[in-house]
Every structure is written in structure tokens, then in C-alpha cells.
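Colleague: below are the sequence and a predicted model; questions follow.
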Amino acid sequence: MSESIDSVLKEKRKFKPSAAFAKNAIIGSATKLAALQKKAAKNPVKFWEEQARTLDWFKPWKKALVWKHPFAKWFAGGRLNIAYNCLDRHLKTPRKHKAALIWEGEPGEVRTLTYHQLYLEVCRVSNVLKNLGVKKGDVVAIYMGMIPEAVMAMLACARIGATHNLVFGGFSAEALRDRIHDSKAVCLITQDGAYRRGAVVNLIEAADRAVAQCPTVKNVLVYQRMSTRPTMKDGRDHLWQDLVPKAPTESPAEKLDSEHPLFILYTSGSTGKPKGILHTAGGYLTQVAYTSKIVFDLKDEDLYFCTADIGWVTGHSYVVYGPLANGTTVFLYEGAPNYPRPDRFWDMIERHKVTIFYTAPTAIRAFMRAGDEFPKKHDMSSLRLLGTVGEPINPEAWIWYHEMIGAKRCPIVDTWWQTETGSILISPVPGATVTKPGTATQALPGIIADVVRDDGTSCKANEGGSLVIKHPWPSMLRTVFGDDQRYVETYWRKFAKQGYYLAGDSARRDEDGYFWIMGRADDVVKISGHRLGTAEIESALVANHKVAEAAVVAKPDDIKGSALVAFVTLKADAAKAALGNGRVHHLKEELRAWVAKEIGPIAKPDEVRFTDALPKTRSGKIMRRLLREVVTGSVKTGVKGDTTTLEDFSVLEKLRQGDEE
Ligand code: PRX
């Protein structure tokens, strides 16, 4: 990590917006952006009211912001419907027969749904859900791959006022079960299988195992993606294809309160239990619609491709809600980026003439490694804008993206935000912002962000501190589902006196005021752009009967950004059996597979290291900082390079003295 921070610190290159791009951009000049920022900073609430007016409301709000620190209500008293704003209102315009979704399956089939067609399908699914007894305010879990039906499922929930809880298709049955359980979902929407890297991810099998332990789930709606009819459980399971095509296409959009819960999305924090981040309707849509428009400079003729899975927040805000609220044509792809070859994205960009491409730095690094010959094979002249999200982008990857994919022509928007923030808060505005590789640049209009010291005062230029947001914003999380206390503790306790939101990232601002994110300040790690709590992986490990104790830390990885190293102390009998019989490698693999089963393959530690004790403070706290230094090589533990040798932390005894954390 320190190496990448060093290189980022040395980064001095600047890229001015091109005149050609600026000429047609929505906010085409630095002066216009500065004026907007100034106006918004003076009265953020008024600014957001102006943006909210671009949506269709059934009933206007009474008060734009009701703020009882740290609980917010935006556009209180107003009534609207998210699905109506993403679909119905476009039907009164020439967008009615414009493509809303262009989807490509991994095997290669292509489907297009116009706004009108998507509307009809969403109405049908809404009716099916209602017939299955789903009511306004109920939670519906969605466990699907990247297919149009997943978008329909989300919009159908929004239409009837059910709260969706998407669980990423790469999560295990156990992770799905926990998320269903915590949210008390009454219904699950899933599919039999999803194509991924030429193989089939068996979603229904995991769903079955999860639901068997979730008594709240009364019905399961299964979309058949594969050629054979899936086996269904009588009375509980229903085939999408049996019910949806027959359902009526009239389904009035519920007139929902602006603060009606739109979705819960679980994300990792610094304890073992993921947090259900709760987002509500009016404020969320206002801000995702606005940021989609100005950050991606959305025009009616664009074909917009965000590679995120809809199981993550980027998929919610910038595959589904933001772009559809703007009447954009969204390109959706089912499978792996490198299937059948590492040029799958470039090939699709060329064939479909994608104009805006939004992806993660980890993907860019993987493409860089795959070789220039892959992008060079394709004509990507349709592209006009590129974006990144999820983790800091190292300047080398930024430059490669700029030159190899953007042909030096496309602005890059490096967008900083979080599951909690709901929408992009810090980002260049294309055509207006001078960009520098590695920084998300400035807060967008209406957002008051800063980097502060522990006492809440602003840091000087280039001084590291905590990234905070100083004023509430419409798409902010409203709480942690079912746990207001955790919401207050995690995000608002540290700067309670000042009333700042603590993002959990460390950052610095350079001499131009640009934000450089240095990484997480807590025990959250980013693995290939996915957010994982090390505590979650530790608790999965100790749930194994052979494990006594575990500590998980991250180490830098060229492609994934970070890789996971698990330090494990075994219970005496397991240690004796494994270490005595030379089955160390076998046991390591067993534990890695165990984590994959408990959480999902993304959480699998890259390395498992056995130790007879973990370094601890005198009060018994595991010194993860020290372990981090061990994995980055700055502290030697006495390991002799032999995989069968235990880490010997006794050599750290000296360091441990007086190092109470
Ligand atoms: O550490 C920051 C990093 O991702 C975290 C949020 O993760 P998640 O909730 O999974 O949302 C990811 C997609 C919005 C942040 O706290 N992060 C996100 N975007 C950037 C970033 N770090 C640096 N630069 C970014 N552009």
C-alpha cells in the first residue's frame, strides 16, 4: 500500500477537459460548475429541491429536509413512485419505444426491451407479487444474476411499495440465509442458474438451502434461465414463466411517501455482522438521477454500460435507478469480463456501439495485464466517456485506461461514493473538471465534504485525515435496518459534536482541494472492488470446529488491489492431526473452501497461515496492525519459508511491549 500511496503522492499530471467534449457537455465549463457549486453550498437544501422537481411527484413535499441529527427525512410529506419515474413518465414522451435495456447473455444471445415493453413486464411482475401476498412495506429478497428479469423484479417491488433486498449472486447459501433472516423477507425471487465464465452458477440450489432455514419466506419465484425446467418445491415455489406472461399489464403505481423504504442492501463493516443499509424513495432517486445526468453527461443517444452487478450498490444506483430515471438506454451483460477471451467488453463495446463505460479499477488492472493486443483488436471509437468506481485507481491504470480504452479522447470520471451514500458524492464533472490520475477530485454540487483531524478541524493541504460529509444529502442512508444504535455509533459518534458523517476512509486534499482517498480507516477491505469486513471472515473461520482463533488482514495485490491473509490458530487436536501428518496444505485448502462456503468465493483468503498464538496487546486485543506489517514484509516473524512451519510471533514480543492499541 505504501508504494501506491507514494506513487500517488508523486502524481502531478493534469488533464484539461477537451474543447470538443466541453462544447456538447451538460455542464461544459469550469466557470459554470463553480457557479453551481457556490450556489448549492449557500443553500444545499434549496439546491436539492430544484433537483427533486425534475422528478414526477403525485403530491408535493411539505418540507425539503427534516433533520433530527443524525436522522434525516427528505421531501417529507411528498408522494411519488420510483418505478413510475423510471418507466411510466417516459411513455408520454418519444422515449416510449426507445430501448431501455439491451442485454447480452454470456453465451451471446441479445435481447432488447423498450421502455414500453419493460413497463408491461414490470406491471405483470407487480401483479404476480401481489397475488403471492406481497404487500406494501414487505421485504422481498432478490438473488439473481445479471438478466433483465432482475431489473424487472426490482422495479416491480418499487412499484408496489415492497422493499427489495438484493443479495449478490456470488454469495453463498449461508450469506443469503443471514440476509433474508435479518430483513425478514416474505418472498424470494431467484433463478435456476446464471452463466459465468462458461459454467453455470447454481443459484436455485443455494436459494433452496437458504430458504429451508428462513420461515419468513412464504413464496419463491423462480425464473428459468436454463433449458430444463427446474425442480420446484410444491406450494412454495412458482415458475416465473408460468405466472408472469399470464399476469395482467395494469398495475397502478403506489403513491408512496418520499421516505418509504426502497431497499435494504447489506454491506460489510468492522464487526462480523453485515449491516443492512436502508435507503428510501424520494431523496435517493433525486440524487441518483441528478448525479447520473451530470457525472455521465447523459444524452438521449447514449448507450450506457456500467459493468457492476446489480447485487452491489453501483448496480442499484447506476445500472438501474439513475439511468432509467433519465430515460437512458442501459447495456446489461450477464457474464464474466474475460469470457471467452479477455476482450469480451471491448468486443461488446464495438458491436453495440457503447458510448459510456463505467467499471472498477480492479478490472482495468486485469485488462492491463491481459495485454494491449485485446483492446487494439477493436474499434471503440463510439466511446465518449469512461468512469471508475469502488477503490482508488492507481495512476498507471488510469493512464492505460485513458490511452488504450479512451484513445486519449474520453474524459475519465473517478467517482467516490459508498453503499451508505447511495449516490456519487465526489467526482469530476466531465467537460468542466481538470482531472489528475488517482483522485476523485471534488465534491459535487450540493455536497459539503472535507478531510478533518480527530478534533474535527480541517486538515491542511496534503495532511491525511478522516473523510467527512458536513451536511446531510438526499440519498444518504437513513439507518442500519433494525439497528438505529449501530447507525449512530458507526457513522455519527466520532464527530457528534460537529454533526459530521464519518465515511470510514482516510484521505487528504491536495493544494487544489482535490480529494485523494488513501484507503479504509477501519477493518473493511476492498478485494477486487468488493467490500468485505475482515471481522466477517474471521467469524466464519472460527465457526469451523478446527479453528481456535483467526485474524484476517489485507496485503497489496497488483490486480485485486488487496489480497486476504488469514492467520489461524488451530485447536490442539486439529493442529496435532494436521501438522503431525504433514497435511498442512490440505487443511489450508479446507479452510479456504470453508470461507467460500460460509460467505462466498470472493471472501476466500488468498493465504492461510498457521500460528500457535496471535500477537495481542496486554488487554487481549489482536494487533492487526502488526499482522499487516508482517504480511507486507516490514516485520519478520521468523518464518523459514517452509509452509509447514508455524509463524513464530514470539519474536514480536519486543514490539508488543508498550504497544497497546
Ligand atoms: O473506500 C472507499 C471505496 O469504496 C468504499 C465504499 O465501498 P462500497 O460501499 O462497496 O461502495 C462501492 C461502490 C460505490 C469507500 O468507502 N471507494 C469507492 N469509490 C472510490 C473508493 N475509493 C477511492 N476512489 C473511489 N473512486
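Modeller: Now that the structure is in, tell me what you want to look at. Numbers count the residues shown, from 1 in each chain.
Colleague: for the residue in the stretch 551-661 of the chain positioned nearest to the ligand, what are its contacts?
Modeller: Across the stretch 551-661 of the chain, the shortest distance to the ligand (C-beta to the nearest ligand atom) belongs to residue 561, at 9.6 Å. Quick note: C-beta positions are derived from backbone N, CA and C, even for glycine. Counting by C-beta atoms under 8 Å, 6 or more residues apart in numbering, residue 561 touches 361, 362, 365, 391, 526, 527, 528, 529.
Colleague: so what pairs up with it in the strands?
Modeller: Counting by DSSP bridges, residue 561 is bridged to residue 557.
Colleague: adding distance to the ligand, pLDDT and neighbour count, write the contacts of residue 561 out as CSV.
Modeller: Compiled in CSV, these are given as follows (distance: C-beta to the nearest ligand atom, whole Å; pLDDT from 0 to 100; neighbours: other C-beta atoms under 10 Å):
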residue, distance to the ligand, pLDDT, neighbour count
361, 8, 95, 24
362, 11, 93, 24
365, 14, 94, 22
391, 5, 93, 23
526, 6, 91, 20
527, 11, 92, 22
528, 11, 90, 20
529, 7, 88, 20
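Colleague: of those residues, which is the nearest to residue 383?
Modeller: Of all the contacts of residue 561, residue 361 has the smallest distance to residue 383: 17.6 Å, by C-beta to C-beta.
Colleague: ok, and the closest non-adjacent residue to the closest one?
Modeller: residue 393 (4.1 Å; C-beta to C-beta, 6 or more residues apart in numbering).
Colleague: what is the burial count for that neighbour?
Modeller: For residue 393, the count of nearby residues is 26 (other C-beta atoms under 10 Å).
Colleague: repeat for residue 520
Modeller: Residue 520, neighbours per other C-beta under 10 Å, totals 19.
Colleague: cool, residue 519 as well?
Modeller: Close neighbours of residue 519, defined as other C-beta under 10 Å, add up to 18.
Colleague: just checking, it is part of a helix?
Modeller: No. Looking at residue 519 with DSSP: H, G, I helix; E, B strand; the rest coil, it is strand, so not inside a helix.
Colleague: tell me which parts of the stretch 201-350 of the chain are close to the ligand?
Modeller: 267, 313, 314 (C-beta under 6 Å from any ligand atom).
Colleague: among these, which ones are in helices?
Modeller: In this view, these that belong to helices under DSSP state H are 313, 314.
Colleague: just the buried ones from the residues of the stretch 201-350 of the chain next to the ligand, in ChimeraX syntax?
Modeller: To isolate the buried members of those in ChimeraX, using 16 or more other C-beta atoms under 10 Å:
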select :267,313,314
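Colleague: which helices and strands does the longest helix seen in the chain pack with?
Modeller: Ordering each helix of the chain by length in residues (DSSP H) puts helix 115-131 first. Secondary-structure packing of helix 115-131 (3 or more C-beta pairs under 8 Å, 6 or more residues apart in numbering; DSSP states H and E): helix 89-91, strand 99-104, helix 148-160, helix 240-243.
Colleague: against residue 387, how distant is the residue of the stretch 551-661 of the chain closest to the ligand?
Modeller: Remark: distance between residue 561 and residue 387 (C-beta to C-beta, to the nearest Å) = 17 Å.
Colleague: now do the SS call for the closest residue to residue 571 other than its chain neighbours.
Modeller: Leaving out its chain neighbours, the residue that sits closest to residue 571 by C-beta to C-beta, 6+ apart is residue 548, at 4.8 Å. Counting by three-state DSSP, the backbone at residue 548 sits in strand.
Colleague: ok, residue 548 to residue 174 distance?
Modeller: Noted for residue 548: a distance of 21 Å to residue 174, by C-beta to C-beta.
Colleague: repeat that for residue 41.
Modeller: From residue 41 to residue 174 the distance is 46 Å (C-beta to C-beta).
Colleague: show me what from the stretch 501-650 of the chain comes close to the ligand.
Modeller: Selection of the stretch 501-650 of the chain residues close to the ligand by C-beta under 6 Å from any ligand atom yields 503, 504, 505, 517, 520, 526, 531.
Colleague: most tightly packed of the helices and strands packed on helix 115-131?
Modeller: Mean neighbour counts were compared across the helices and strands packed on helix 115-131 using mean count of other C-beta atoms under 10 Å; the top stretch is helix 148-160, at a mean of 27.
Colleague: the very next helix or strand once past it and the ligand, are they touching?
Modeller: For helix 148-160, the following helix or strand on the C-terminal side (DSSP states H and E) is strand 163-166. No. Strand 163-166 is not in contact with the ligand by C-beta under 6 Å from any ligand atom; minimum separation 13.2 Å.
Colleague: ok so, going back, now the contacts of residue 561 in TSV, with secondary structure?
Modeller: Formatted as TSV, these follow (three-state DSSP):
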residue	secondary structure
361	helix
362	helix
365	helix
391	coil
526	strand
527	strand
528	coil
529	coil
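Colleague: which one of those is nearest to residue 212?
Modeller: Distances from residue 212 to these, taken by C-beta to C-beta, are shortest for residue 527, at 29.2 Å.
Colleague: ok, that closest one - contacts?
Modeller: Contacts of residue 527 (C-beta under 8 Å, 6+ apart): 554, 560, 561, 562, 563, 564, 602, 603.
Colleague: quick revisit: between the contacts of residue 561, which is nearest residue 203?
Modeller: Distances from residue 203 to the contacts of residue 561, taken by C-beta to C-beta, are shortest for residue 528, at 20.4 Å.
Colleague: pLDDT score assigned to the residue of the stretch 551-661 of the chain closest to the ligand?
Modeller: Residue 561 carries a pLDDT value of 92.
Colleague: which stretches of the stretch 501-650 of the chain aren't confidently modelled?
Modeller: Residue ranges of the stretch 501-650 of the chain with pLDDT under 70: 636-650.
Colleague: same check, this time on the chain
Modeller: Checking the chain against pLDDT under 70 turns up 1-10, 636-661.
Colleague: show me the contacts for whichever residue of the stretch 201-350 of the chain sits closest to the ligand.
Modeller: Of all residues in the stretch 201-350 of the chain, residue 314 sits closest to the ligand, at 4.8 Å by C-beta to the nearest ligand atom. Applying C-beta under 8 Å, 6+ apart, we find residue 314 in contact with 306, 308, 358, 389, 390.
Colleague: for the closest residue to the fourth one other than its chain neighbours, which three-state class applies?
Modeller: Once flanking residues are discounted, residue 389 sits nearest to residue 415: 4.8 Å by C-beta to C-beta, 6+ apart. Recorded secondary structure, residue 415: strand (three-state DSSP).
Colleague: need the helices for the stretch 351-500 of the chain, in chain order.
Modeller: 361-370, 373-376, 395-400, 484-487 (DSSP state H, counting those that start in this stretch).
Colleague: nearest to residue 423, of these?
Modeller: For residue 423, the closest of the helices of the stretch 351-500 of the chain is helix 484-487, at 18.4 Å, according to C-beta to C-beta.
Colleague: and that closest one, how far out from the chain middle?
Modeller: Remark: helix 484-487 is offset 21 Å from the chain centroid, using C-alpha atoms, centre = their mean, to the nearest Å.
Colleague: next one: stretch 409-416
Modeller: 18 Å.
Colleague: my read: residue 251 touches residue 126, true?
Modeller: Yes. Using C-beta atoms under 8 Å, residue 251 makes contact with residue 126 at a distance of 4.1 Å.
Colleague: and for the two, which residues touch both?
Modeller: Shared contacts of residue 251 and residue 126, defined by C-beta under 8 Å, 6+ apart, are found at 159, 160.
Colleague: for those two, indicate the residue with more neighbours.
Modeller: Set residue 251 next to residue 126 and count neighbours by other C-beta under 10 Å: residue 126 wins out with 29 against 22.
Colleague: count residues in the vicinity of residue 281, would you?
Modeller: Per other C-beta under 10 Å, the neighbour tally for residue 281 reads 27.
Colleague: thank you kindly, that will do.
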